[in-house]
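Asks: Need a 3D model of the sequence below.
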Amino acid sequence: MGIGEPFDNFDNVINAIGILNNPKGLNIGARHISISTSGIVPKIYELADKKIQCTLSISLHATNDDKRTAMMPVNKAYPIKELMEACKYYIEKTNKRISFEYALAKDNNDNLEDAKELVKLLHGMLAHVNLIPINKIENGKFVKSTDNNIIKFRDYLNEHGIVATIRRELGSDIEAACGQLRRKTIEEKR
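Replies: Presented below is the predicted three-dimensional model:
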């Protein structure tokens, strides 16, 4: 989770889950294993058909294509409508809830209108929203939302039937939080 796209290495990821889950391997319960993807639609369908009991986490971060593309260029290849169709298929095939990752960026995707759109987008789906206070990256264009906005966003989702939690922040004080280490390493190599 967090470095690289597992669905770009789909067969090896599936094999690794089999080894991790196997009683003769590490015997880790499949429900304790998460696959986190940026939303590679064809592989979501393929994973659904395999009916593996792991948790699927999808980096969503926005409710419309313009905002999501600005945050995640993969959206150009797999726009939100196609992604949501694949997610519904996954839920139908596996009867498992999807965890949607949503990084909140100040004045970008953290207002009440965005929360309302997220409720509409996920309505009727087995879904959990993991709200992530975005981590500051030097020269990055996104800034962490205010604590007040994060709490209001979470509360709005919960009040409207979407289970949402706020991810605990760890490591940002030493630039070791989600997104920060990779960015720092890339810059050091330059």
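Asks: Which helix or strand in this protein has the lowest average pLDDT?
Replies: helix 180-189 (a mean of 50; mean pLDDT, DSSP states H and E).
Asks: what secondary structure does S36 sit in?
Replies: Per DSSP: H, G, I helix; E, B strand; the rest coil, the secondary structure class of S36 is strand.
Asks: Tell me how many other residues surround it.
Replies: A count of nearby residues for S36, using other C-beta atoms under 10 Å, gives 17. Every C-beta, even on glycine, is put in place using the N, C-alpha and C of the backbone.
Asks: same question, L26
Replies: By other C-beta under 10 Å, neighbour count at L26 equals 10.
Asks: Y156: what's it in contact with?
Replies: Shown in contact with Y156 (C-beta atoms under 8 Å, 6 or more residues apart in numbering): 112, 115-116, 119.
Asks: And it, which helix or strand is it part of?
Replies: helix 147-159 (DSSP states H and E).
Asks: Could you check how far whichever helix or strand comes after that helix is from the centre of its chain?
Replies: Proceeding N to C from helix 147-159, the next assigned helix or strand is strand 163-166, under DSSP H and E. Centroid displacement of strand 163-166 relative to its chain, using C-alpha atoms, centre = their mean, to the nearest Å, is 13 Å.
Asks: hmm, back to that, just name the closest of the contacts of Y156 to G25, please.
Replies: V119 (40.3 Å; C-beta to C-beta).
Asks: What sits closest to that closest one if chain neighbours are left out?
Replies: H160 (4.6 Å; C-beta to C-beta, 6 or more residues apart in numbering).
Asks: quick one, phi psi at the one you found?
Replies: The phi/psi pair for H160 (degrees, to the nearest 10) reads phi -110, psi 30.
Asks: who's the closest residue to N158 other than its chain neighbours bridged to?
Replies: Counting by C-beta to C-beta, 6+ apart, N158 lies nearest to A164, which is 5.6 Å off, once chain neighbours are set aside. Per DSSP bridges, the residues bridged to A164 are V129.
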